[in-house]
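A.B. asks: after the sequence you'll find the predicted model.
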Amino acid sequence: MNASIDPQLTIWAWEIPLYLFLGGLAAGILFFAGLYTILGKEKEFPSAIEKTPMVVPFLLVIGLLALFADLNHKMYFWRLYTTIRLESPMSWGAWVLMVVTPVSFIWAAIHLKKSFPKWKWPYVWLDTTEAFFITHKKILAWIMVIYSLILGIYTGILFSAFNARPLWNTSILGPLFLTSGLSTGAALNIIMAKSQHERHSFSKIDLMLIGIELFLIIHIFMGFLASTQVQIDAARLFLGGPYTAPFWILVVFFGMILPGILEFLELRNYKIPVLIPALLVIAGGLLFRFIWTFAGQASRWLY
Amino acid sequence: MASRRQFLKTTALGLGGLTIGFSAFAYITDFSGLKEATGGLKINLTRTPTYCEICFWKCAGWVYKREDGSIWKITGNDEDQHSNGRFCPRGTGGVGIYNDSDRLKTPLIRTGERGEHKFREASWEEALDLIAEKMKSIASSYGPESVALMNHGSGGKYFGDLLKAYGSTNIAAPSYAQCRGPREVAFINTFGEAIESPERTDIRDTKCLVLIGSHIGENMHNGQVQEMSDAIDKGAAIITVDPRFSVAASKSKFWLPIKPATDLALLLSWINVLTTENWIDKDYVEKNTYGYDLLKVHVSTMTPEWAYGITGIQPEIIRKTAKEMFNASPSVIIHPGRHVTWYGDDTQRLRAVAILNALLGSWGRRGGFYNPSTSVLPSYPHPPFPTPKTTWRDAFPGQFHLADESVSSKICDATIPAELRDFSFKAWLVYGTNLIMTFPDQAKTIEAIKHLDLMVAIDTMPMEITSWADVVLPECTYLERYDSIRVSPHRKPSIALRMPAFEPKDNTKSAYWMARELASRLGLIEFFPFEKLEDYLDWQLRQMGSSLEEMQKIGVKTFEREADDLYFTPGEQHEFSTPTGKIELYSTAFADEGFDPVPVYTPHPEPPSGFYRLNYGRAPMHTFSRTSNNPNLNDLMDENTLWVNPKVAKEWGLTNNQPVWLQNQDGKKSNFSIKVRVTERIRWDSVYMVHGFGHATKQLSRTYGKGISDTELITNVMTDPIMGGTGMRGNFVTFLTEKPEEALS
Amino acid sequence: MRYAMAVDTKKCVGCSDCVVACQTENNVPIGYCRDWIVEVVDGTYPQLELELRSERCNHCDNAPCVRCCPTGASHILEGGFVMVTPEKCIGCGACITSCPYDARYPHPDGYVDKCTFCMHRVKKGQLPACVATCPTKCMYFGDLDDPASDVSLVLKTRKHKTLIPEAGTKPQLYFLI
């Protein structure tokens, strides 16, 4: 292969990994908010249900802006919503966000008064609407749980649907990105939690999620190494290749193992500021998306 | 080719909000028209005929314009024997020469020192007056013979006419002494005729094509490339002799990875095998050749075993390939090549090539060399040209009698005053040739230029040579002018028209106009009776049974041959234009001049330790140093690379794309760096680069400083004693991994 | 109707004429290309092999670019032409990433562009620009459903391959070997 002639590809820069990270984080937050609402644990998890979801609309708007920034033919973005293409993960994503984004706005709106007690809606019909949604909160919660899972998995499927990029072309990527999204969501809940009970609950959940992530990561590489040459080559990007150090040290150690240990110690009542492991998890999740985006584009069929 | 990674980056940068809006809307409007035409382009199909000027092959084709009058594309003319309707990348990319924003735009008069490229813009009036004034004073002080024309390309003809009228016949093209001269002299002194251009090789019907360092495919001589492809289709055996695994080598049945500079030994051993095994066309040799017995005795010791020690080619391979040629004979071509000025004994090497062809009976035979036919262009009557008192030959008494054309590099030599010579050149007109990157030994070229009283460069682009001129005359490109009717030798006689597709851009003019304006200032207007070239062309075409109007519609007109003599008739005893009337295996003219009448192998120097032979060649998308700034062709290849064998790379710790500078055996260092290309395709004793890069003219914005110019490293010139050719492949280079102080970048 | 192209690697000299002919024919901006040359060297000196290929969109029967397009801008037309409708394309880049042959590029005007097999010429009965200009005549184009077409005939008689058939794209750009 003549590198100077053969085309090389890096079409996706910072926009897509940021979009996927924010989507995953939003999915994680909405999932826990919805789940604990359905389970009727509003009292136990006030932060996860009422406070943390306030940031979701912002996350999703920034994510959508990042996606928009990625588009080269911006004037035609509306074309996304003139068709539903079941074979296209991009189309899936657009439509899922079409549902999730308004739901996240509604959820934030009906909890606005909890965080800002002096808040008043300017129009009466808004009060009526709020009241309507508050009565149907459980339905909203169900929608949130289901769609956040779809959104979380979608952030992985967007990549895994690309046969042309061997590093991405694995079905483990959906669950892995979902788990990572839930983990970052849990981490944000740790930060936002007021009560020790809520904080510790999310620490435990996060520990479990980190465990699942590590398990999936090991399996993704086992799968690659047992697969075709192109996937072996893709795995080698992380096993001696250029992404080895950033991935194993920054993402796996500082983004999963170290915060896992810190959370574990904190649960054992060691004095550890919870901000540290939580931020490490969030940063690790962000870096994970970036590295996987770039490495994936560097992985290719050779012929 | 720029990598996609690069252009993806550029697009990412170019995304400003409003601009996108506008360009997007512009596109919608554009596309609606597009859709109506079932995806086709809404284009006014006006086309004008031309023949290409990007290289010397001069393929005839069509220039297509868009509705807005801008250039769309250039394609081949189906009727044309040079192109068969298929243009090569350079011809197709000819659109770039028209669009290149670096073009010369207006006459320039030098204000700084020569070579500094400091000029002021001038009017045509002023520039031409200045040249005419100078030419008049040179004629009266030194005689008109002290003015020389160096030219390459169509418009050179008119400056040639001007010079002949003025009183000088010192008209030289570097395409002779720096390129194909040795082969023409060798074939003239063997068969009585030159190879000429396009080559008379009948490749499409050959059964065996032997290439000696000729890299057809990388040299994109259109018709030959096409015919080699035809030959591959028909199952012809190709034998390629090249120290580099060229593209042609990769298509070959036999690749002989010869030790550089030993080709003549291989050729002589082939002659030895053919004569000892009697693998010759006996009847043909008996009837048509002179000196067979002398030749046979001469080569009797030059066995394949002898050649093996010199060339490194296994004796059985030499025998096998000789048999392959014999089996194919007479449909076999030992190709004479084109750029053959390598080691200074080139005429003798080409003589060996000619002799091989003669022994196998391929000259004048199908699948060998056909007898070309050329249309004769009538000349409008004008007063006879004055007879010059001296020519360049007088500067070299007793030498180069066998050179059948002027030797450009010798004119250059005779420009530097010498004690024993009472005559030196005082003025050069340089048309369309970048002598600085054409002549080896740049220091000498520059010294010669410094001795000139007048130096005029006529070109379409700023080039190294235009920096050295006193006056630069900007020519319009071949897409903006008429030129003389193309008549060139081929299987059938034909004519082709070049007409302007566009008005000349900026303040540029055609060579005809410039030459005529100068003639008028020099009182020589009667040699240019037609004010407009197209009127002259119309007159000529009418004499030939056509007209300008007809040719504007068809572009190319092919005539039938007067006689059915494309090949010799079987058993015919042919009369050759040699002193003996036969094919001279033993050259009587060489003997008379004191040269070896049959070729003799002499060893050439080898690279010292740590040095590598500098080999150079062509890339299919570029013509010498002339096209590297063409936006379209630059896009296909924007710099040359240095081919290095992996063993050598390992020894030096060189890696792919690492920039290195080069230094030759005389301590000459390259101006710029070149990127290493580690490849198995090159021998361990040599390096290779494509000629024509490493431009040091800043006005060439796209190509300035990209790659290395092989020419600047060719300081050892081995002159061919027979015809004055400049052997350029005896230069050795070593790598400098750190930037030398004197390097420009 | 199923259009396809075959490139004879035994004749291709890698001159890039196909590239520049495509650029001019289709007004592809300088710096971009819809087709390109790949050189593969195998072996050690002097036992060497060299394969030159003129590559472009494979106009796959099972085109991943068409599948992943969120708006339907990428589509397949009668005859197998894989096409992009610029005014439907949002320039998301999914199709570019999805192509194992890297045959697509983002046009500076925003939409994604690629080889069209010169459909505008083919509809008029002409050959694609690259095929029509190639000095080595190493490219064959035509309808695979027509047994007398150039491409059918040459594929019948010559050994050939496609690129990465294991990617499952069912490419329609064949290489004669």
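C.D. replies: Looks like it came in fine.
A.B. asks: show me where chain A has helices.
C.D. replies: Applying DSSP state H to chain A gives helices spanning A:15-38, A:46, A:56-70, A:89-110, A:112-115, A:124-135, A:137-160, A:173-192, A:196-225, A:229-236, A:244-245, A:258-267, A:275-298.
A.B. asks: can I get the ones you listed in TSV with distance to B:Gly653 and mean neighbour count?
C.D. replies: The way it works is simple: take the backbone N, C-alpha and C, and place the C-beta from them, glycine included. Shown next, in TSV, are the helices of chain A (distance: least, CB to CB, whole Å; neighbours: other CB atoms under 10 Å in any protein chain shown):
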stretch	distance to B:Gly653	mean neighbour count
helix A:15-38	37	26
helix A:46	65	19
helix A:56-70	41	19
helix A:89-110	46	20
helix A:112-115	64	13
helix A:124-135	70	12
helix A:137-160	39	21
helix A:173-192	41	27
helix A:196-225	33	18
helix A:229-236	25	19
helix A:244-245	24	12
helix A:258-267	40	20
helix A:275-298	26	21
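A.B. asks: quick one: pLDDT of the residue in the stretch 101-250 of chain A that chain C sits nearest to?
C.D. replies: Residue nearest to chain C within the stretch 101-250 of chain A: A:Ala164 (3.8 Å; CB to the nearest CB). Looking at A:Ala164, its pLDDT reads 90.
A.B. asks: which residue packs closest to B:Lys267, ignoring adjacent ones?
C.D. replies: Wrong residue type there; residue B:267 is Leu, not Lys. B:Ala352 (3.8 Å; CB to CB, 6 or more residues apart in numbering or on different chains).
A.B. asks: after the strand or helix carrying the one you found, which helix or strand is next?
C.D. replies: Counting by DSSP states H and E, the element that carries B:Ala352 is helix B:346-359. For helix B:346-359, the following helix or strand on the C-terminal side (DSSP H and E) is helix B:408-413.
A.B. asks: which neighbouring elements make contact with that following helix?
C.D. replies: Applying 3 or more CB pairs under 8 Å, 6 or more residues apart in numbering or on different chains; DSSP states H and E, we find helix B:408-413 packed against strand B:147-151, helix B:442-450.
A.B. asks: got the angle for the very next helix or strand once past that helix vs helix B:442-450?
C.D. replies: Downstream of helix B:408-413, the next assigned helix or strand under DSSP H and E is strand B:427-431. Angle, strand B:427-431 to helix B:442-450, by axes from the mean of the first three to the mean of the last three CA atoms, to 10 degrees: 120 degrees.
A.B. asks: sheet-wise, list the partners of strand B:427-431 with their directions.
C.D. replies: strand B:147-151 (parallel), strand B:454-459 (parallel) (DSSP bridges).
A.B. asks: among those strands, which is the most enclosed?
C.D. replies: strand B:147-151 (a mean of 27; mean count of other CB atoms under 10 Å in any protein chain shown).
A.B. asks: okay, the angle between the next helix or strand after that one and strand B:147-151?
C.D. replies: Per DSSP H and E, strand B:147-151 leads on to helix B:156-166 as the next helix or strand towards the C-terminus. Using the same axes, to 10 degrees, one finds that helix B:156-166 and strand B:147-151 are set 170 degrees apart in direction.
A.B. asks: which elements pack onto helix B:156-166?
C.D. replies: By 3+ CB pairs under 8 Å, 6+ apart, helix B:156-166 packs against strand B:147-151, strand B:171-172, strand B:427-431, helix B:511-521.
A.B. asks: ok so, going back, any chance of the strands paired with strand B:427-431 in a markdown table, with mean pLDDT too?
C.D. replies: Compiled in a markdown table, those are given as follows (pLDDT from 0 to 100):
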| stretch | mean pLDDT |
| --- | --- |
| strand B:147-151 | 97 |
| strand B:454-459 | 98 |
